[in-house]
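Enquirer: 3D model of this:
(2 chains)
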There are 2 protein chains.
Amino acid sequence: MTTATVHRVFNFSAGPAVLPLEVLESAQRDLVALPGVGMSVLEISHRSKPFEEICFGAEEDFKRLAGIPAGYQVLFLQGGATLQFSMVPMNLLPPDGTADYLDTGVWSEKAIKEAQKVGAVHVAASSKATNHDRIPGQGEVRFSERPAYVHMTSNNTIFGTQYHFVPEVPAGVPLVNDASSDVFCRPVDFSKFALTYAGAQKNLSIAGLTVVVIREDLLERAPAGLPVYLKYATHAKERSLYNTPPVFGIYVLRLVLRHLIAGGGLAAVEARNRRKAEKVYAAIDGSGGFYRGHARPDSRSWMNITFRLPSEELEKRFVAEATAQELSGLKGHRSVGGIRASIYNAFPEAGVDALVSFMAEFQRRAG
Amino acid sequence: MTTATVHRVFNFSAGPAVLPLEVLESAQRDLVALPGVGMSVLEISHRSKPFEEICFGAEEDFKRLAGIPAGYQVLFLQGGATLQFSMVPMNLLPPDGTADYLDTGVWSEKAIKEAQKVGAVHVAASSKATNHDRIPGQGEVRFSERPAYVHMTSNNTIFGTQYHFVPEVPAGVPLVNDASSDVFCRPVDFSKFALTYAGAQKNLSIAGLTVVVIREDLLERAPAGLPVYLKYATHAKERSLYNTPPVFGIYVLRLVLRHLIAGGGLAAVEARNRRKAEKVYAAIDGSGGFYRGHARPDSRSWMNITFRLPSEELEKRFVAEATAQELSGLKGHRSVGGIRASIYNAFPEAGVDALVSFMAEFQRRAG
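Expert: Sure, this is the predicted structure:
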């Protein structure tokens, strides 16, 4: 197969997002028939040996790459972070309990809204007053008396902020993290989180797969009578094969995991992500105020970089001219306006260099 | 790209199942970059124009191919039939109401169990006494006084039975159908159903996509406080783009729909399915009792054909020798035992012919 004629642009989309080219080419090569199986991975039974090898292999590679401690399970679910916004309180929040939420933007607020349908919510800290331009520091957090759990959103795609520390929570209180947009952007101590969930379509795989990492003692907390699909214990007991899982998403996840392992693991990912983000932030900081970052420096995201230009008219021109140069998807979310460059794990460094050059060139012409 | 060396076997799996080779080859060709887009369909934003074209195009092709009447919406969800087992009662069954279920096997019973968590369930007919070897006739059905809805399972993968009529329900009562394993196996009058749901991994697309066809008046029935993802109205309002949908599953669905439309629509599908099923049933009926069908003749499924041999030992040999001849996935489900040949829409007629020849040959040797 020749891919020499395939033309690809730089995709700065906030998600679904770029996959490693090697992963795409591998999936393409085997798409009509998996070697030695004689069927496409799109067609194989989820109860077949070839799929068990893929699914359990992905689970094991995930645990190995992330250093998941003993006593945790990795689950492959559906419904995205949106369904997790409900599953977390349905499983962990008793009707007379209170859950504490750290509000860092739109996604935290959606999670809060769903939890309020189940029990009481206490907002333990919020960056709302400054349009979520920062992550609240540990000193600002005021927990409720006995929270059932504490929920955080480690990276905020819309505002371009990210936790660069793990918040301390009261002893024995489970910390739950929505890591949809920064999972595996660097090594993480998963033992600090009782439950981590992530829609896969940014750093892990494709849309339609949600990965949950859950400490086993949480599995038994769910009330009786919960819908079977919405109970973590259902999936934990059957190793994600209670019902037909998103087979192709798990297959792509495995390809991504192997790609990351072969590339030196999460420490190597961290070094590359840090370098990529620093290049763009340096371009912003060195522009003499032409480009203005939305996030405060200590809260800057490595994954989504948000900035404004001197006028909305210039921002429009910036996006249009960038698109013409095949830098695609740079328009910011309406909540912040301006520009958003999403540079997840698989976003190539050459694309960051192209953006930085374009920013300098655009400023010369328009500044 | 050359696919001449690709080796494929006949895949009789009950699901996920065979896709049209043309669909696989088309998906393969464009997997690294969609023509004119410069990104893989696995990477494009669900808010982008190219994906809107795919998603709304799939919705329109679906409506056109199926003849969906005005006043219905087609939704692309996640979580499989399993999540629908809960979503249907959560949206349609008031806590003081009763839902009527037609019990035709394991999948109906799973649906019943989830509905019982929401309200009262009345089993209006059941084939359980004869190990679900048939579809209960209209005359056997005893509805409750004022059912909130009636639920049926149009095809039963495990037992190999299928409705060949649409049950009559009391005037004004919504009929809900789990069509996961026989949707689009022939033309259907969708106006007789208030809600149809189908996991896509048999006749429509790949695992991880669920299609729901819902009459609009049902959208407003959901109680306040339902989790946002679990409310049909959430997805109807946003044309399946409330949150990130299973992008690749929708893309494959569109390829399948176009393949079906180009091939002459559902009437052509029906003719082919009828012919395929009749060949296998003729082989069973003509075997002088060596092969014994599980389903009664009037309830025989076109999609899953279940039969026994004179002994379990012969059944084991049958499966082993068939597998060696590249007839894969013929082992029956433990609830029935014996053999199950799943021959969904995309299962090739050549595979049916190969099975029928093998059955005759096996009987000659072993009978």
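
Enquirer: can you pull out the strands in the stretch 251-367 of chain A?
Expert: Along the stretch 251-367 of chain A, the segments classed as strands by DSSP state E, counting those that start in this stretch run A:292-293, A:304-308, A:327-328, A:339-342.

Enquirer: could you export those as JSON lines, including distance to chain B?
Expert: All C-beta atoms are positioned from the backbone trio N, CA, C, and that covers glycine. Shown next, in JSON lines, are the strands of the stretch 251-367 of chain A (distance: least, CB to the nearest CB, whole Å):
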{"stretch": "strand A:292-293", "distance to chain B": "23"}
{"stretch": "strand A:304-308", "distance to chain B": "13"}
{"stretch": "strand A:327-328", "distance to chain B": "7"}
{"stretch": "strand A:339-342", "distance to chain B": "10"}
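
Enquirer: determine the longest helix present in chain A.
Expert: As assigned by DSSP state H, the longest helix anywhere in chain A is helix A:265-285.

Enquirer: what about residue A:186, neighbour count?
Expert: The number of residues packed near residue A:186 is 18, by other CB atoms under 10 Å in any protein chain shown.

Enquirer: and it, how far is that from chain B?
Expert: Per CB to the nearest CB, to the nearest Å, residue A:186 is found 22 Å from chain B.

Enquirer: low pLDDT regions in the stretch 201-350 of chain A?
Expert: By pLDDT under 70, the stretch 201-350 of chain A contains no weakly predicted segment.

Enquirer: so what are the domain limits for chain A?
Expert: Here the domain parsing of chain A from automatic domain parsing is A:28-262, A:265-366.

Enquirer: mind listing what's buried in stretch A:118-126?
Expert: The neighbour-count check on stretch A:118-126 (16 or more other CB atoms under 10 Å in any protein chain shown) flags A:118, A:119, A:120, A:121, A:124, A:125, A:126 as buried.

Enquirer: which among those residues gets closest to chain B?
Expert: Nearest to chain B out of the buried residues of stretch A:118-126 is residue A:118 (CB to the nearest CB; 8.5 Å).

Enquirer: and the nearest residue to the closest one once chain neighbours are set aside, which of the three is it?
Expert: For residue A:118, ignoring the flanking residues on the chain, the nearest one in space by CB to CB, 6 or more residues apart in numbering or on different chains is residue A:89 at 3.8 Å. Classification of residue A:89 using DSSP: H, G, I helix; E, B strand; the rest coil returns helix.

Enquirer: could you pull up the residues touching residue A:89?
Expert: Going by CB atoms under 8 Å, 6 or more residues apart in numbering or on different chains, residue A:89 touches A:99, A:114, A:115, A:117, A:118, A:119.

Enquirer: do the same with residue A:181
Expert: Residue A:181 makes contact with A:14, A:15, A:154, A:155, A:156, A:157, A:202, A:203, A:303, A:304, A:344 under the criterion CB under 8 Å, 6+ apart.

Enquirer: can you redo these as JSON lines with neighbour count and secondary structure?
Expert: Compiled in JSON lines, the contacts of residue A:181 are given as follows (neighbours: other CB atoms under 10 Å in any protein chain shown; DSSP: H, G, I helix; E, B strand; the rest coil):
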{"residue": "A:14", "neighbour count": "23", "secondary structure": "coil"}
{"residue": "A:15", "neighbour count": "24", "secondary structure": "coil"}
{"residue": "A:154", "neighbour count": "27", "secondary structure": "coil"}
{"residue": "A:155", "neighbour count": "28", "secondary structure": "strand"}
{"residue": "A:156", "neighbour count": "27", "secondary structure": "strand"}
{"residue": "A:157", "neighbour count": "25", "secondary structure": "coil"}
{"residue": "A:202", "neighbour count": "30", "secondary structure": "coil"}
{"residue": "A:203", "neighbour count": "27", "secondary structure": "coil"}
{"residue": "A:303", "neighbour count": "28", "secondary structure": "coil"}
{"residue": "A:304", "neighbour count": "31", "secondary structure": "strand"}
{"residue": "A:344", "neighbour count": "30", "secondary structure": "coil"}
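
Enquirer: what does residue A:151 show for phi and psi?
Expert: Phi and psi for residue A:151, reported as degrees, to the nearest 10, are phi -110, psi 130.

Enquirer: is it bridged to anything, and to what?
Expert: Beta-bridge partners recorded for residue A:151 (DSSP bridges): residue A:101, residue A:176.

Enquirer: and it, what pLDDT?
Expert: What the model reports as pLDDT for residue A:151 is 98.

Enquirer: next one: residue A:6
Expert: Reading off the model, residue A:6 has pLDDT 84.

Enquirer: for it, give its distance to residue B:30.
Expert: Distance, residue A:6 to residue B:30, using CB to CB, to the nearest Å: 9 Å.

Enquirer: looking at the strands of the stretch 251-367 of chain A, which one is packed in the most?
Expert: Mean neighbour count (mean count of other CB atoms under 10 Å in any protein chain shown) peaks for strand A:304-308 among these, with a mean of 26.

Enquirer: would you give the sheet partners of it, along with the direction of each?
Expert: strand A:292-293 (antiparallel), strand A:339-342 (antiparallel).

Enquirer: closest one to residue B:133 among these?
Expert: Among the strands paired with strand A:304-308, strand A:339-342 comes nearest to residue B:133, with 55.4 Å by CB to CB.

Enquirer: ok now that closest one, how far from the chain's centre?
Expert: 15 Å (CA atoms, centre = their mean, to the nearest Å).

Enquirer: same check, this time on stretch A:219-230
Expert: 25 Å.

Enquirer: now the end-to-end length of that stretch.
Expert: 12 Å (CA to CA, to the nearest Å).

Enquirer: buried ones in it, by neighbour count?
Expert: Neighbour-count burial for stretch A:219-230 flags A:219, A:222, A:226, A:227, A:228, A:229, A:230 (criterion: 16+ other CB under 10 Å).
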